[in-house]
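Undergrad: sequence first, predicted coordinates after that:
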Amino acid sequence: MKTMIRLGILLLPLLVVASCTKKVARVEVESTIDLSGRWNDADSRLVAEEMIGDCLSQRWLYKYEENKTRPTVIVGRVVNKSHEHINVKTFVKDMERVLLNSGRVDFVADKSEREQIREEKADQAGNASVYTRKEMGEETGADCMLLGSINTIFDQEGSKAVLFYQVDLELVEIESNRKVWIGNKKIKKFVSRSNTRF
């Protein structure tokens, strides 16, 4: 009997470790996996692709194409007004990628990126050769700025919840302050759980 108890004591840690093991599987980046019902990478990517696709298909772009030019665009502030933490930077980068890869617009660096580039130019002014340094005051100004917000409505009753997301984007001509495109995308998710925590 004592041998059995000792054996049980020795095997107990192994059983605890075995029951706590994790399984990790690599999946395709483009796959949609929705564990919590909250905003996730698939929402960010799909909303960016759909909304920027709509933006680039509208008539504001024809004015530039008729003049055989491409508008220069910058993404401004996209505000998270939702009830949850959303990494807005990931969403902005998804939009920038779709805009730039479309080949229909030119793109300039955002405010924080420009500050880093200006520091580099200032450093070059004192340290780089005259033939290779980049001059201040030669930046390309943006024609249009993309602004937006992410909003949510959260409704819960017991173990069931509905999460509603609305992404609103506006493209504004910088010189005239004229809004040339407004778009929105709505996502509604129904989540049912065995416990009531959301």
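TA: Sure, I can see it. Being a predicted model, the structure only gives us computed values, none of them experimental.

Undergrad: what's around Phe91, how many residues?
TA: 23 (other C-beta atoms under 10 Å). Quick note: C-beta positions are derived from backbone N, CA and C, even for glycine.

Undergrad: check it and give its pLDDT.
TA: Phe91 carries a pLDDT value of 92.

Undergrad: what do you get for His83?
TA: So, for His83, pLDDT stands at 89.

Undergrad: tally of neighbours for it?
TA: For His83, the neighbour count with other C-beta under 10 Å is 12.

Undergrad: one more: the one 4 residues further on?
TA: For Asn87, the tally of surrounding residues (other C-beta under 10 Å) stands at 13.

Undergrad: residues touching it, list them.
TA: Shown in contact with Asn87 (C-beta atoms under 8 Å, 6 or more residues apart in numbering): Ser44.

Undergrad: count the neighbours of Glu65 for me.
TA: Glu65: 11 surrounding residues under other C-beta under 10 Å.

Undergrad: how about it, secondary structure?
TA: helix (DSSP: H, G, I helix; E, B strand; the rest coil).

Undergrad: which residue is the nearest non-sequential neighbour of it?
TA: Excluding its sequence neighbours, the residue lying closest to Glu65 (C-beta to C-beta, 6 or more residues apart in numbering) is Arg104, at 7.9 Å.
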